[in-house]
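S.K.: need a structure here:
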Amino acid sequence: GELSRAHAFVYAARQLILEDERLSVLNVSAHENVPLSSVRFQSTEAGESLRRFLIDHVGALRMKKIPRVRGHENGTNLYVIELPNDRDAAEVLLQARASIPTEGLAFHLNQVFFLDLIPNDPLFPELYGLHNTGQTGGTADADIDAPEAWDMETGNPNVIIADIDTGVRYTHPDLQSNIWVNPGEIPNNGIDDEGNGFVDDVHGWDFGYNDSNPDDIFGHGTHTVGTIAGQGDNGIGVSGVCPRCKVMILQSFVPGAFGPGAYASDLVASIYYATDMGAHITSNSWGGTYDSLIEYAFEYADLKGVLS
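M.R.: Numbers count the residues shown, from 1 in each chain. Model (predicted):
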């Protein structure tokens, strides 16, 4: 039958993720792919077996460290490994699990996750979920009682919600005042001012394209940001659930055969960034099959007090 996006198991056919608790890889940095020929490995049994497998057996081409905010790295490094054209990640994964010592080293498929679908009807965001009067034929008051909640609280600009999605259209008049601004970063000076490992991350980061401009080329993220924190009581457009909160923008999606998709590696990096940069909540309007690295990232966020 037709493959359903919601239940499709899709992975990057030429990418693996290496989980390295032994810190066997010595000189691969984040944000850039390094040729395997220039990678140095620890002179240990694990490091040597890893080198032999990746270079001699697989012929892997390049690898990149999944970025973390500097100073928040733990004892495990994650790397995306690019395979040759004639290698399939699922087959190499089975070979790796049979060839590499399991203690401290693990390989994962770089799975693809998809956006939760929304109608493209421009009248869809009529806010019946916030305040339902039966305006679309539904049951009156089957909503979240947003106006009643706003009588008590309209949000706090010190609350940061990280939207892990397709970015945002910054010029949207209902959103621009509620976009998070990194207090330690000077815009567009080409310098990592606060030393977190990300240059010019003024409003967040684009992990899908690895740059500091998480602009929305798909539209989905602008919709979710509006639902979260569209500016309220300004006579324009709509009001978000938390109309005074700030939204950190983490773009993770790229075009694909099934529509916009995000690799697990980019979603993991987004969750870590949100957690390490002070977000209180993450919004995650996407889904796919179970992935242990995604679960671990959310567990890390939970340990740091982030609601996901």
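S.K.: which SS state does Phe107 fall under?
M.R.: Put simply, Phe107 is strand when judged by DSSP: H, G, I helix; E, B strand; the rest coil.
S.K.: and Tyr272, by the same measure?
M.R.: Tyr272, by the three-state scheme (three-state DSSP), is helix.
S.K.: what residues are up against the residue lying closest to Glu21 once chain neighbours are set aside?
M.R.: In space, and not counting its chain neighbours, Glu21 is closest to Gly104: 4.2 Å by C-beta to C-beta, 6 or more residues apart in numbering. From N, CA and C alone the C-beta is placed, and that goes for glycine too. Contacts for Gly104 (C-beta atoms under 8 Å, 6 or more residues apart in numbering) come out as Asp20, Glu21, Arg22, Ser24, Ala46.
S.K.: how close does Gly104 get to Val28?
M.R.: 17 Å (C-beta to C-beta, to the nearest Å).
S.K.: separation between Met248 and Val202?
M.R.: 11 Å.
S.K.: those two: who's more crowded?
M.R.: Taking neighbours as other C-beta atoms under 10 Å, Met248 and Val202 compare with Met248 leading, 28 against 21.
S.K.: hang on, that one in a strand?
M.R.: Yes - under three-state DSSP, Met248 falls within a strand.
S.K.: list the residues that contact it.
M.R.: Met248 touches Ile160, Ile161, Ala162, Asp163, Trp180, His203, Gly204, Ala274, Met277, Ala279, counting by C-beta under 8 Å, 6+ apart.
S.K.: give me phi/psi at the fourth one?
M.R.: Per-residue torsions, Asp163: phi -100, psi 100 (degrees, to the nearest 10).
S.K.: isn't it right next to Thr224, touching?
M.R.: Yes - judged on C-beta atoms under 8 Å, Asp163 makes contact with Thr224 at a distance of 5.7 Å.
S.K.: what is in contact with the two at once?
M.R.: Ser283.
S.K.: these two: who's more crowded?
M.R.: The neighbour comparison of Asp163 against Thr224 (other C-beta under 10 Å) goes to Asp163, with 31 against 25.
S.K.: next up, the contacts around the nearest residue to the more buried one once chain neighbours are set aside.
M.R.: Spatially, and ignoring its direct neighbours in sequence, Asp163 is nearest to Ser283 (4.7 Å; C-beta to C-beta, 6+ apart). Counting by C-beta under 8 Å, 6+ apart, Ser283 makes contact with Ile161, Ala162, Asp163, Ile164, Asp165, Thr224, Ile228.
S.K.: just put those residues in CSV and tack on secondary structure, pLDDT and distance to Leu115.
M.R.: Conversion of those to CSV gives the following (DSSP: H, G, I helix; E, B strand; the rest coil; pLDDT from 0 to 100; distance: C-beta to C-beta, whole Å):
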residue, secondary structure, pLDDT, distance to Leu115
Ile161, strand, 93, 18
Ala162, strand, 97, 16
Asp163, strand, 96, 12
Ile164, strand, 97, 11
Asp165, strand, 96, 7
Thr224, helix, 87, 9
Ile228, helix, 86, 15
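S.K.: between those residues, which is closest to Ala60?
M.R.: When the contacts of Ser283 are compared for distance to Ala60 (C-beta to C-beta), Ile164 wins out at 28.3 Å.
S.K.: where's that closest one relative to Pro173, distance?
M.R.: For Ile164, the distance to Pro173 - C-beta to C-beta - is 24 Å.
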